[in-house]
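**Student:** Provide a 3D model corresponding to the input given below.
(chains A and B)
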Amino acid sequence: MLIASAKNQRRLVIIGFLILPLTLLTLFSIYPFFQLIWFSLTDWNGLSPDKAFVGLQNYSRILFDDQELLTPLINSVYYFIGSIIQLALATYFAVILNRGMPGSNLFRMLLFMPFVLNSVAVSMVFRYFLQIDGGLDSLLHLVGLDMLKQEWVQNPAIVKWSLVFASVWRYLGFQLLITYGALQSVPTDQYEAAQIEGAGEWHQFLYITLPSIAPVLGLQLILSTVGSLEVFEVPFLITQGANGTKTFVMATIEEAFEFRRVGVASAMAVILLCFVMISIIAQRTLFDREGEK
Amino acid sequence: MTMTTPIPSLGSRPKRRRLSPQKQFWNGFHYTILILASLSVVAPLLLAFNSSFKTPLELLRGSRTDLPNSMANLKNYLDFFEKQPVGLSFYNTLFVILLSLIIITLVGTMAAYVISRFRFPGRNLIMIAYVTVMAVPPITTQVSLYQVMLTLGLVNTKWALILLYSGADIVSLYIFIVYLNSISVEIDESARIEGASYFQIYWKVILPLMTPAISTVVILRTIYIYNDFVMPYLYTPRPGQSTVSMLLFKASDALASSTEPVLMAGIVIVIAPAIVAFLFLQRQIVSGVTRGAVKG
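**Tutor:** Okay, the predicted model is just below:
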C-alpha cells in the first residue's frame, strides 16, 4: 500500500513538475523551430490565410539571385575581427589585473560597467558621441589631436570600425570578467615555482596561464563567432543600417516585419542558423583535438 | 617540508621588485593602458551626462567638453518627464522583470528538481531536446515565434515579453540543473526517510538549497531584461506597453535633433538606476555573471 502510494506520488511529481516547462519548451522553442523551416519553403506573406509550397525557391533567391539579401553577411567579418581584438584585450586586462596591482578592483569594475547598461541608452550615447563635432571630435580637440578628427559615422570606410568599437566598448568587460574568473582558479604555487626557476612574465603567461585558461578562451571564441553573425542592436540603433552597415539579422527582420516576406525571411533565418551550427561544430572539433594533446 | 627554501627568497623579493627598472617600466605601461581604457569607457557617458544639463543653444555654440553654464538646469529632465511616459515605462519594465523572474524561478527549479533527481522514461529525450534548443540562437526563430504570439493573441501585451523571457530561457534552466547536480542526494534521502513527500522536499529542502543558483539567475535575467531592446521592439511596439528601452527608442525617434539634451536627460534617467544598483551589488553581480557564464 505504502509502496504503491509512493510510486503514485513519484509519478505525480514527475508529471506535475514537468508539464509546464515542457509546454513552454514546445510552444516557444520546438514548435517555432519546425514552423520556421516550413515557412522557409513557402511564399507566405504573413497575413493571407493560405501559403503556397515553393520548394527551395527562397533559398536559391537568397544565395544566387538577390545580392542585396546576402551581402550584409559580409559585415559579420568586421565584428568577428573586432571580437578577436576584444578577446585579446580582455585576456591582457584579466592577466594584469589578476596580479593584484593597487587599484585593480576599480579598473575591473569600470571596464565591466558598460555591460549592465541599457542597450538603447548606450547606442544613443554613441550616436551623439560619434557625430561630426560630437563628443569624440571634441575630446580629440581638447588633447590637441585635431588631425585625427573623422566623419566617424558618415564615412563608409570608417563607420564599420566605429560600430565595432561601440560593440567592443560594451562587451569587453564581460569577457574580462569571465577570463578573470578562470585565472582565479589557476593555482598560485605554479607561478611561485616558475619564479624560482627564473621564468619571466611572458614565459609564465605562455606556459602556465595560457594552457589553463585555454578551454574558457575556446568557449569565448565560439560565443564571439556566433555573436558576430547575430549583430543587430548596435548598427540598428546607431546608424539604422546606413552607409552599408546593415547586418544579416537586420536584413532578416526587415524582410519579415517590414516587407512582410515571411517565406524569404524564414529562409534567411535558416541560412543564418546553418552558419552558426557550422562555426560551433568547426570550433568544437578544433578544440577537442587540441585537448587530446 | 619545503618550507626552508621559499622563505629566504620571499623575504628578499619585495626589495628586488622595487629596484628593477624593467619591472617599473612594465608596471607603468600596464597602468597607462588601463587608464586609457577606463577613460574611453567613462568618457562617452560623462559627455552625455554633461550635455543633459545644457540648453540647445549652449550645445550648438560650445564644444561638448565645455561644462554646462549651470548644473542646476534641470529643464531637460523635466521636459523628458513631461513629454514621455517615463513612469509607465518603468512600471512596465519592473512588471515584466518581476513576473518573468517568478515564472523562471518556479518553473525552472521544478524542472531541474525532476530532471536531476528522478530517473524516468523519456528523461534522456528531454535532456537532448533542451541541449539542442540551447544551441539555436533565439534571434533566428523570431520570425516564426512572432506568429505563435500572434495566434495566442499576446502581441502588444506585456505577457508576450514575460513568456519570452521565462519560457524560452533555457540557459537559466541549465544553470539550475547543473547546480542541483552538484548537491548531494543524501539530503533529500534523509528527508524522505523522515516521511516528507516529494513536494515537501522540493519546497522545504531543494528550493532553499538552490538560493545561490536562483540569485545568479535573478541577477543575469534582471540585467538582460532591463537592457533588452529586440523583444520589446518586435512584440510590444505600442506606447502603452513600452519598456525603458522602447521609451528611449521612441523619444529618439520623435524628438528633433535640436532637443538632443532632452534625450541625454532621458538616457541618464534610464541608466542611473542601473549604475546605482551596480555600485551597491558589485560583488553579487560579478560572481553571478562569472558563475552563470562559465556554466552556460
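
**Student:** tell me the secondary structure of A:Gly55, please.
**Tutor:** coil (DSSP: H, G, I helix; E, B strand; the rest coil).

**Student:** can you point me to the longest helix in the chain?
**Tutor:** You didn't pick a chain, so chain A it is. As assigned by DSSP state H, the longest helix anywhere in chain A is helix A:262-292.

**Student:** my bad, the chain I had in mind was chain B
**Tutor:** Longest helix in chain B, counting by DSSP H: helix B:260-295.

**Student:** buried ones in that one?
**Tutor:** B:260-271, B:274, B:277-278, B:285-293 (16 or more other CB atoms under 10 Å in any protein chain shown). C-beta: built from backbone N, CA, C; applies to glycine.

**Student:** who are the packing partners of that helix?
**Tutor:** helix A:119-129, helix A:156-184, helix B:21-51, helix B:56-61, helix B:75-83, helix B:170-181, helix B:211-227, helix B:244-254 (3 or more CB pairs under 8 Å, 6 or more residues apart in numbering or on different chains; DSSP states H and E).

**Student:** the shortest one and chain A, are they touching?
**Tutor:** Put plainly, it is helix B:56-61. No. Using CB under 8 Å from any CB of the partner chain, helix B:56-61 stays clear of chain A, with a minimum separation of 9.7 Å.

**Student:** with the longest one instead?
**Tutor:** Yes. With CB under 8 Å from any CB as the threshold, helix B:21-51 lies in contact with chain A, specifically through B:26-27, B:30-31, B:33-34, B:37-38, B:40-45, B:47-48, B:51.

**Student:** number of nearby residues for B:Val230?
**Tutor:** 18 (other CB atoms under 10 Å in any protein chain shown).

**Student:** show the pLDDT at it.
**Tutor:** B:Val230 is assigned 92 on the pLDDT scale.

**Student:** for it, phi and psi?
**Tutor:** phi -60, psi -50 (degrees, to the nearest 10).

**Student:** so for the helix or strand hosting A:Thr23, what gets flagged as buried?
**Tutor:** Here A:Thr23, judged by DSSP states H and E, is contained in helix A:2-25. Buried residues in helix A:2-25, counted by 16+ other CB under 10 Å: A:Val13, A:Ile14, A:Phe17, A:Leu18, A:Pro21, A:Leu22, A:Leu24, A:Leu25.

**Student:** what number of residues lie near the closest residue to the fourth one other than its chain neighbours?
**Tutor:** Put plainly, it is A:Leu18. Spatial nearest neighbour of A:Leu18, excluding adjacent residues (CB to CB, 6 or more residues apart in numbering or on different chains): B:Val114 at 5.5 Å. Using other CB under 10 Å, B:Val114 is surrounded by 22 other residues.

**Student:** grab the most central residue of chain B for me.
**Tutor:** B:Ile223 (1.8 Å; CA atoms, centre = their mean).

**Student:** so who does the residue lying closest to it once chain neighbours are set aside touch?
**Tutor:** Nearest residue to B:Ile223 in three dimensions, chain neighbours excluded: A:Val116, at 5.4 Å (CB to CB, 6+ apart). A:Val116 makes contacts with B:Ile223, B:Asn227, B:Ala274, B:Ile275, B:Ala277, B:Phe278, B:Ile285, as judged by CB atoms under 8 Å, 6 or more residues apart in numbering or on different chains.

**Student:** do A:His141 as well
**Tutor:** A:His141 touches A:Lys149, B:Ser63, B:Thr65, counting by CB under 8 Å, 6+ apart.

**Student:** before we move on, the earlier item: can I get the buried residues of helix A:2-25 in JSON lines with pLDDT?
**Tutor:** As requested, the buried residues of helix A:2-25 are arranged in JSON lines below (pLDDT from 0 to 100):
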{"residue": "A:Val13", "pLDDT": "89"}
{"residue": "A:Ile14", "pLDDT": "91"}
{"residue": "A:Phe17", "pLDDT": "92"}
{"residue": "A:Leu18", "pLDDT": "93"}
{"residue": "A:Pro21", "pLDDT": "92"}
{"residue": "A:Leu22", "pLDDT": "93"}
{"residue": "A:Leu24", "pLDDT": "92"}
{"residue": "A:Leu25", "pLDDT": "92"}
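
**Student:** burial measure for the spatially closest residue to A:Asn155 that is not a sequence neighbour, as a count.
**Tutor:** Nearest non-adjacent residue to A:Asn155, counting by CB to CB, 6+ apart: A:Asn243, 7.8 Å away. Applying other CB under 10 Å, we find 18 other residues in the vicinity of A:Asn243.

**Student:** do B:Met149 as well
**Tutor:** 23.

**Student:** ok, B:Ile128 next?
**Tutor:** 10.

**Student:** what separation is there between it and A:Leu25?
**Tutor:** 12 Å (CB to CB, to the nearest Å).

**Student:** equivalent analysis for B:Ala37, please.
**Tutor:** 41 Å.

**Student:** how about A:Leu206?
**Tutor:** 44 Å.

**Student:** still on that earlier bit, the helix holding A:Thr23 to helix B:170-181, inter-axis angle?
**Tutor:** 150 degrees (axes from the mean of the first three to the mean of the last three CA atoms, to 10 degrees).

**Student:** buried residues in the helix or strand following helix A:2-25?
**Tutor:** Next helix or strand after helix A:2-25 toward the C-terminus (DSSP H and E): helix A:31-39. Burial within helix A:31-39, assessed by neighbour count using 16+ other CB under 10 Å, is assigned to A:Tyr31, A:Pro32, A:Phe33, A:Gln35, A:Leu36, A:Phe39.

**Student:** can I get the following helix or strand past helix A:31-39 in CSV, CA atoms only?
**Tutor:** Next helix or strand after helix A:31-39 toward the C-terminus (DSSP H and E): helix A:57-60. Coordinates of each C-alpha in helix A:57-60 appear next as CSV, following Å, rounded to 0.1, in the frame of the first residue of the first chain:
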residue,chain,number,x,y,z
GLN,A,57,13.0,28.8,-54.3
ASN,A,58,13.5,31.2,-51.4
TYR,A,59,16.9,29.7,-50.7
SER,A,60,18.1,29.9,-54.3
